[in-house]
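1. Below: sequence and its predicted model.
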Number of protein chains: 6
Amino acid sequence: MKNKAYNFLGVPDISLKDARFAILPVPFEATVSCLPGTKDGPASIISSSNYVELYDEEINGEAYLAGIKTLPAEEPDYKSLKKMVSNIRETASRHVKEGRMVVGLGGEHSVSLGLAEAYFLQRPAMKVVSFDAHADLRAEYQGTRYSHACVMRRIRELGCTIYTAGVRSISREEKDFLETTEGAEVLFAHDMGGDWPGVFNGMLPPGEYYISFDLDFLDPSILPETGTPEPGGFYWNETIRFFRHFIGRPDIRVAGFDVVELAPQKNITPSSFLAAKLVYKIIGLLAVNNGWL
Amino acid sequence: MKNKAYNFLGVPDISLKDARFAILPVPFEATVSCLPGTKDGPASIISSSNYVELYDEEINGEAYLAGIKTLPAEEPDYKSLKKMVSNIRETASRHVKEGRMVVGLGGEHSVSLGLAEAYFLQRPAMKVVSFDAHADLRAEYQGTRYSHACVMRRIRELGCTIYTAGVRSISREEKDFLETTEGAEVLFAHDMGGDWPGVFNGMLPPGEYYISFDLDFLDPSILPETGTPEPGGFYWNETIRFFRHFIGRPDIRVAGFDVVELAPQKNITPSSFLAAKLVYKIIGLLAVNNGWL
Amino acid sequence: MKNKAYNFLGVPDISLKDARFAILPVPFEATVSCLPGTKDGPASIISSSNYVELYDEEINGEAYLAGIKTLPAEEPDYKSLKKMVSNIRETASRHVKEGRMVVGLGGEHSVSLGLAEAYFLQRPAMKVVSFDAHADLRAEYQGTRYSHACVMRRIRELGCTIYTAGVRSISREEKDFLETTEGAEVLFAHDMGGDWPGVFNGMLPPGEYYISFDLDFLDPSILPETGTPEPGGFYWNETIRFFRHFIGRPDIRVAGFDVVELAPQKNITPSSFLAAKLVYKIIGLLAVNNGWL
Amino acid sequence: MKNKAYNFLGVPDISLKDARFAILPVPFEATVSCLPGTKDGPASIISSSNYVELYDEEINGEAYLAGIKTLPAEEPDYKSLKKMVSNIRETASRHVKEGRMVVGLGGEHSVSLGLAEAYFLQRPAMKVVSFDAHADLRAEYQGTRYSHACVMRRIRELGCTIYTAGVRSISREEKDFLETTEGAEVLFAHDMGGDWPGVFNGMLPPGEYYISFDLDFLDPSILPETGTPEPGGFYWNETIRFFRHFIGRPDIRVAGFDVVELAPQKNITPSSFLAAKLVYKIIGLLAVNNGWL
Amino acid sequence: MKNKAYNFLGVPDISLKDARFAILPVPFEATVSCLPGTKDGPASIISSSNYVELYDEEINGEAYLAGIKTLPAEEPDYKSLKKMVSNIRETASRHVKEGRMVVGLGGEHSVSLGLAEAYFLQRPAMKVVSFDAHADLRAEYQGTRYSHACVMRRIRELGCTIYTAGVRSISREEKDFLETTEGAEVLFAHDMGGDWPGVFNGMLPPGEYYISFDLDFLDPSILPETGTPEPGGFYWNETIRFFRHFIGRPDIRVAGFDVVELAPQKNITPSSFLAAKLVYKIIGLLAVNNGWL
Amino acid sequence: MKNKAYNFLGVPDISLKDARFAILPVPFEATVSCLPGTKDGPASIISSSNYVELYDEEINGEAYLAGIKTLPAEEPDYKSLKKMVSNIRETASRHVKEGRMVVGLGGEHSVSLGLAEAYFLQRPAMKVVSFDAHADLRAEYQGTRYSHACVMRRIRELGCTIYTAGVRSISREEKDFLETTEGAEVLFAHDMGGDWPGVFNGMLPPGEYYISFDLDFLDPSILPETGTPEPGGFYWNETIRFFRHFIGRPDIRVAGFDVVELAPQKNITPSSFLAAKLVYKIIGLLAVNNGWL
């Protein structure tokens, strides 16, 4: 409501070279399963972010001062999903090469493939840690290999080791794939107790990571507006606790991250507000741990 | 709410060979412009149709007795829009060859290409009459030639003469195409007065027609739930008057039709109820004029 | 929002003996067809009425000064629909006997039976004029003779002559009943042009009338929130024109009226605001023509 | 969205004799208290079930292979609630006699009376275990003995012992009834800690049970769309834990079950998705423990 | 959704000196009567404008080429309404002095006072023509002289002659004011037939005008999302016809205009799309008639 | 739905002198941050309260028997926020002087200033305990010192010691104020574990308290309909546990309380039902501990 620029957090616009974080909105939706609307996710996160407090009392700082630039939204290309993914990769790659951390706002989960690949091309040892109610490990879905339901399979095929927490919906095909494939590990929801933040950190070896956060990891009670809201999900405090631990680890380096699968029913909702606050919280933790504040 | 079968109108299921009309739900949405939800259109029309009165006092008959069979919904194929369109064409062709009139329920307008082509392959002299707020004559849109915004251009390229009424949103490119192309005629909304049903009938030469009805032809006051609700549209009574005249003409034969671009916000709404009643009204007029009642 | 009493129009509460009009909320819903919510109709009309201007520039007066008292809502009785209807009749009868005009706010249309009967018991020559998209002339519906779909049949059976305008959905059974029964006349929507207010007045012989206004008479564009929103309905100005003519006729006396079948989706909506204004407009015309202002 | 049959889970249709589970939709709503919409519950559960994964990683199987048949929806009968309940009992009895497990989808809670009675007639030693925020033990409510608020009282009167967990809203009359009546036991929400699944199992003696699951047992945060959403309810994981324990007990046999009181605001929502997954989870546990997989 | 700048129409950003039109969003809401949400009006109009076709077939041109610049939103100031209005006046005055036409997007109607005053200070002979369902002529409302319900009274007090069309809700106080005051003329809705565009033009003497368009002038069927949706309003085609005539008059000069009182329920809706198209249509007519295209 | 008076709980109306609790609806909204609608909060709480069970099984009594009177809603005064607050203080003071406990229903949080001051004038030793996701300690916000974002600062300035639990959004300015000011203590959400009810009670010295409950203290999963829904909030059971302990302390006396910041999207929702039940639960605990039952 302030006389703000239209961007993530509504902060004064800065030049690209002063930005450590580049917010990339990817309003892309093609193959959604159940509740539609992920195309409106990025705009909704940006709108809600204008009501997020800039100061964070846990960090004791204003993380936006590390330099956050909102990029123009990636233009959809409906020629094919494959083309869309490669467009995203190209956009992201430019920024990654210039040393900025690209923060992807989805859009459906398939956008993570383009983003992860952009990082992977620069950092081939990079691993991927994802948070998701679904395994997303299908070979193909609804006629395409680029569906959200295939994204972790495609990322695994790039050569990245993948670690996924929170899965509580998986097909027999994906279960078989998991049992016969190396480099793809899943922590199922039914094996996650209150101590999962520590347990999952324990599963993750040192190294550089890309984080892909599908919002359906969270319980539908706190995040109802997503493509397929699976009951039995996870909560805010424990999720933040995981990130505080993980990002604070001296043996871990985070390359970049995305937050995807918001399907907002209005422009500003509790779900989009949470998503905006999650993005800013992760940025804050990264800024502090990289010594940028 | 009656102990009905789940189908259009909730009538007793009949065998395919007894059906003169085959309702084909095509829950396909990929390139929608403004308000999402066309993937839910067909299910919503079917749900609402269960509350439509079977008797029609204008026809003085129960048109469902002519034989209406609801087909399974066409499965989306997200490999590419082109593939999706060819799948629809194949499904529809089987029924057209066996003499059934396929009634397409969209889904976004691009589904009309597959449907129209299925008819055109059997009846190469067929023309297409469409009702639409938009010209849908772009060469390409958002990276694809199979967008809803290109559908009439593609149909024209099949070789069909096309006639569109109700246009009140058009790009310069489409306007230029119209002025330089034969076989594509548009009756603009700003040229349509209260007598447009007669005027438009006057523009349509004798012959066989496929009817494509994009619900955004109607005024958003009576049909708000559509992809791009352009103000200044048309109303129920005048639209029905057009169809009564057109279908009643002895020099006209209707090959088939579709009703597309319903983007319902709930399962049963005034918009979907209107769409269901429109489908049944057209079926009724066809049944009477073909002597099937 | 003013420091108002909670009642129709939010006007100062008056004693029953000073009231010429008694507003009776009947939040009753049991057999609705398509869109649920008529049980919330009365409260919604009352809430919206608090935003209706008390002065009416056409009447050049403030009709509430004639004396309007809002009664407590009629308590639902789910023993059976028959019991519910007789409860309503008893409540209304008390007021009718004492000379107050009871204004029923529905609730589903079946409540009109109890209201009309209360008047009829005092005034056996009374006729009923109704506005409805449906004929409501079924012998029985969904296992009961007291459904909204039977209400005009039941009222006819009391001995009242009934006149209904606006019908655009009717079953074969009801059509047959109409053709073989005296004392039940319908003006079908497809026979109603812009001059219907005069035509319908011409059909209505002199005498005393009860008015039952089912809001689905109106076009769904102006009144979408009703049980079964049939397209091709009627508009505000022409409806008010009818009432101005009808209530102004020296050969007509209005006994009472109801407005039913509002199914609001929120507490205050354009539909409920219209319904509230319609109720107040009719009250205003009655107050002026009875010389109460 | 697949080219599925319209039924629970969207699986291929099977013949009645191959079905171990018969899904009975009962779209019945008459006496709801607070938030309307239970009549749309069954259709919404079925729609959402089409997005539930057929494989269950906890069961390590696809429970639908045990044989699930979706019956036509029970037709409402508004003659009286008593009549409606007896209709349900008759429909269910046919299947119970033929050895199928009827799975009731509500609809308001009063439908459980007809279902439970159908089982009880075959198995007079059967007990009933219910999950509910309300005691539902009133003698009469809103003029009828067949309201949802009376259903457990009526079931107790059949002769069944009843056990209810989760109650956090009860009237003085019901409290007095509980204290003076044998065979009706309630575990109040304020006495249920994190170990309630074990505690409640401990209260339930060996034998055969009918399970009635009123969705308002759950916390409104995970199940907001129900008739009366009482705060302080229960969560997904603990509820599933109860069922895993209960259904796995060798001294327990489950006769049948229902899931009622979903009042969906749209066709597919997080609430209806949860309800669909709950139904399938219980079916899966029953299939495994009965050796049907 | 294209890779657009975030501004009205989503067109490439231009410098202030190249702009003939300056869009000023005023997301201000304090005293709304009935349906809340006008604070979200400007953002919603801007979002919807991104789906409005840039070419206008009636103008045969792309009006945005005349130079349209979207200003930052006016920051709310809740010290008092008086202060808010003076802030708006100051912002607008800067642009008016530099020769740009400020196009105000509301926000509630009280914002028009600041805008009109900014123009009036430069052009003391300016008149105001407004479109409104309400007279907005109260001396004071809800404790303040700066409510939306007083805005035309305040503008009259500046010294402007005011002309309002469409009024169908007025208090006795306002009626008395009208009858005793010069320089304030109202064309009541009940006196407006199909020829009102001509009649109203006939009432408007030559000169320079500020146009204030309260969206509740329109019928709630085409514009339901406004503060107080009065039935019996006006339609798109006749409204555009008025503006085509009025703006085309050689004896009329338009100083500036605003479109206010959109209360959108979601970010993009049929109401906000209509409002966006109306703003662009008026800009187009002004651009053509000023010779800017 | 019962034939109830329109008041909190729908109980029989009583005279003011018999009332121990006076419910004061304050439908005031002017400076809300994110999700609009607090002006509808009081009416929504009252509507929902009609579905709250009068008997409370934990108290084993019907607390309404202690005497609850619903006052007319406080009329908004938009002259300025300062004026509005002083109006509330005057209304509340009359009741406080006569010994009634005023229960404020918001409306935005700024209304608490008027209420707290009314008590403070009679009881200058009174402290304030508040529940809030935000510190509300700004000196000024959006041009006014009377915004909801400043309310605890203003209350501190009266001379009250203030204690706030649940804060998880705070600005640097407020943090600095806290660190440099005596008499303002905050228990941050990130320091609150499962034992916070005891910890917070331990922070609160003996004495007399006013309780201000901003509903955004609660987690958005159980209370999504509030102005700014901050994730990581608190739940029903633990909150009730706090109040049971606090109100039961022999060294504590509660002067009065308010429940504010409900922004309901419909008239009756899970959020408003929870708010109504919370108000009644606190009343019940006060009634028991004051020996009024």
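-> Yep, that arrived. The shown structure was predicted, so the numbers you read here are calculated from the model rather than taken from an experiment.
2. so where does the nearest residue to residue A:245 once chain neighbours are set aside fall, helix or strand?
-> Take residue A:245 and drop its neighbours on the chain: the residue closest to it by C-beta to C-beta, 6 or more residues apart in numbering or on different chains is residue A:201, 5.4 Å away. In this view, the C-beta of every residue, glycine as well, is placed from N, C-alpha and C. When secondary structure is defined by DSSP states H and E, residue A:201 falls within helix A:196-203.
3. Tell me if residue A:254 really is in a strand.
-> Yes - per DSSP: H, G, I helix; E, B strand; the rest coil, residue A:254 lies within a strand segment.
4. In this structure it contacts residue A:286, no?
-> Yes - counting by C-beta atoms under 8 Å, residue A:286 is a contact partner of residue A:254 at 5.9 Å.
5. joint contacts of those two?
-> Both residue A:254 and residue A:286 are in contact with residue A:247, where contact means C-beta atoms under 8 Å, 6 or more residues apart in numbering or on different chains.
6. still on that earlier bit, tell me who's in contact with the residue nearest to residue A:245.
-> The neighbours of residue A:201, taking C-beta under 8 Å, 6+ apart as the test, are A:242, A:245-246, A:249.
7. repeat that with 10 Å
-> Contacts of residue A:201 were listed using C-beta atoms under 10 Å, 6 or more residues apart in numbering or on different chains, and they are A:129, A:241-242, A:245-246, A:248-249, A:252.
8. Make CSV from these and add distance to residue B:154, pLDDT and neighbour count to it.
-> Listed next are the contacts of residue A:201 as CSV, based on distance: C-beta to C-beta, whole Å; pLDDT from 0 to 100; neighbours: other C-beta atoms under 10 Å in any protein chain shown:
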residue, distance to residue B:154, pLDDT, neighbour count
A:129, 44, 98, 24
A:241, 54, 97, 16
A:242, 50, 98, 20
A:245, 55, 98, 15
A:246, 50, 98, 20
A:248, 56, 97, 12
A:249, 55, 98, 13
A:252, 52, 98, 19
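9. Just give me the closest of the residues you listed to residue B:73.
-> For residue B:73, the closest of the contacts of residue A:201 turns out to be residue A:129, at 37.4 Å, with distances computed as C-beta to C-beta.
10. Could you double-check that the closest one sits in contact with residue A:214?
-> No - between residue A:129 and residue A:214 no contact is recorded; they are 11.8 Å apart, counting by C-beta atoms under 10 Å.
11. Residues in contact with both of those two, list them for me.
-> Residues touching both residue A:129 and residue A:214 (C-beta under 10 Å, 6+ apart): residue A:164.
12. The residue in chain A positioned nearest to chain E: what secondary structure?
-> Checking chain A residue by residue against chain E with C-beta to the nearest C-beta singles out residue A:267 as nearest, at 3.4 Å. In three-state terms, and counting by three-state DSSP, residue A:267 is coil.
13. pretty sure it contacts residue A:49?
-> No - applying C-beta under 10 Å, one finds residue A:267 not in contact with residue A:49, separated by 11.9 Å.
14. Compare neighbour counts for these two and give me the winner.
-> Set side by side, residue A:267 and residue A:49 give different neighbour counts by other C-beta atoms under 10 Å in any protein chain shown, the larger being at residue A:49 (26 against 20).
15. ok, that one to chain F distance?
-> Separation of residue A:49 from chain F (C-beta to the nearest C-beta, to the nearest Å) stands at 11 Å.
16. pLDDT value on the residue nearest to residue A:245, please?
-> As predicted, residue A:201 sits at a pLDDT of 98.
17. what do you get for residue A:32?
-> Taken from the predicted model, the pLDDT recorded for residue A:32 is 57.
18. contacting residues for the residue nearest to residue A:233 when sequence neighbours are not counted?
-> Computed as C-beta to C-beta, 6+ apart, the closest residue to residue A:233 that is not its neighbour in sequence is residue A:219, at 3.5 Å. Residues touching residue A:219, when contacts are defined by C-beta under 10 Å, 6+ apart, comprise A:133, A:166, A:189, A:229-236, D:221-222, D:235-237, D:270, F:221.
19. what's the offset of the longest helix belonging to chain A from the middle of its chain?
-> As far as residue count goes, and with DSSP state H defining each element, the longest helix of chain A is helix A:270-289. The chain centroid and the centroid of helix A:270-289 are separated by 11 Å under C-alpha atoms, centre = their mean, to the nearest Å.
20. Could you confirm whether it reaches chain E?
-> No - residues of helix A:270-289 are not located near chain E by C-beta under 10 Å from any C-beta of the partner chain, the shortest gap being 10.7 Å.
21. sorry, back to before: the contacts of residue A:201 into JSON lines, with extra columns for secondary structure?
-> Supplementary listing: those in JSON lines, determined by three-state DSSP:
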{"residue": "A:129", "secondary structure": "strand"}
{"residue": "A:241", "secondary structure": "helix"}
{"residue": "A:242", "secondary structure": "helix"}
{"residue": "A:245", "secondary structure": "helix"}
{"residue": "A:246", "secondary structure": "helix"}
{"residue": "A:248", "secondary structure": "helix"}
{"residue": "A:249", "secondary structure": "coil"}
{"residue": "A:252", "secondary structure": "strand"}
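22. Please enumerate the strands of chain A.
-> With DSSP state E as the definition, chain A shows strands at residue ranges A:21-26, A:55-56, A:61-62, A:68-70, A:101-106, A:127-131, A:162-167, A:184-188, A:207-214, A:252-260.
23. So which of those is the most surrounded?
-> For these, average neighbour numbers computed from mean count of other C-beta atoms under 10 Å in any protein chain shown are highest in strand A:101-106, which has a mean of 27.
24. Residue D:292 is nearest to which of the strands of chain A?
-> Between residue D:292 and the strands of chain A, the shortest gap by C-beta to C-beta is with strand A:184-188, which sits at 24.1 Å.
25. Run through the neighbouring helices and strands of the closest one.
-> In this structure, strand A:184-188 makes packing contacts with strand A:127-131, helix A:151-158, strand A:162-167, helix A:172-180, helix A:196-203, judged by 3 or more C-beta pairs under 10 Å, 6 or more residues apart in numbering or on different chains; DSSP states H and E.
26. Spit out the contact partners of residue A:151.
-> Residue A:151 makes contact with A:85, A:108-114, A:116, A:130, A:132, A:134, A:136-138, A:141, A:145, A:162, A:212, A:214, A:260, according to C-beta under 10 Å, 6+ apart.
27. One more: residue A:252?
-> Each residue near residue A:252 by C-beta under 10 Å, 6+ apart is listed here: A:127, A:129, A:201, A:204-209, A:245-246, A:289.
28. okay if I get these as JSON lines plus distance to residue A:26?
-> Supplementary listing: these in JSON lines, determined by distance: C-beta to C-beta, whole Å:
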{"residue": "A:127", "distance to residue A:26": "22"}
{"residue": "A:129", "distance to residue A:26": "20"}
{"residue": "A:201", "distance to residue A:26": "28"}
{"residue": "A:204", "distance to residue A:26": "26"}
{"residue": "A:205", "distance to residue A:26": "29"}
{"residue": "A:206", "distance to residue A:26": "30"}
{"residue": "A:207", "distance to residue A:26": "26"}
{"residue": "A:208", "distance to residue A:26": "22"}
{"residue": "A:209", "distance to residue A:26": "20"}
{"residue": "A:245", "distance to residue A:26": "28"}
{"residue": "A:246", "distance to residue A:26": "24"}
{"residue": "A:289", "distance to residue A:26": "26"}
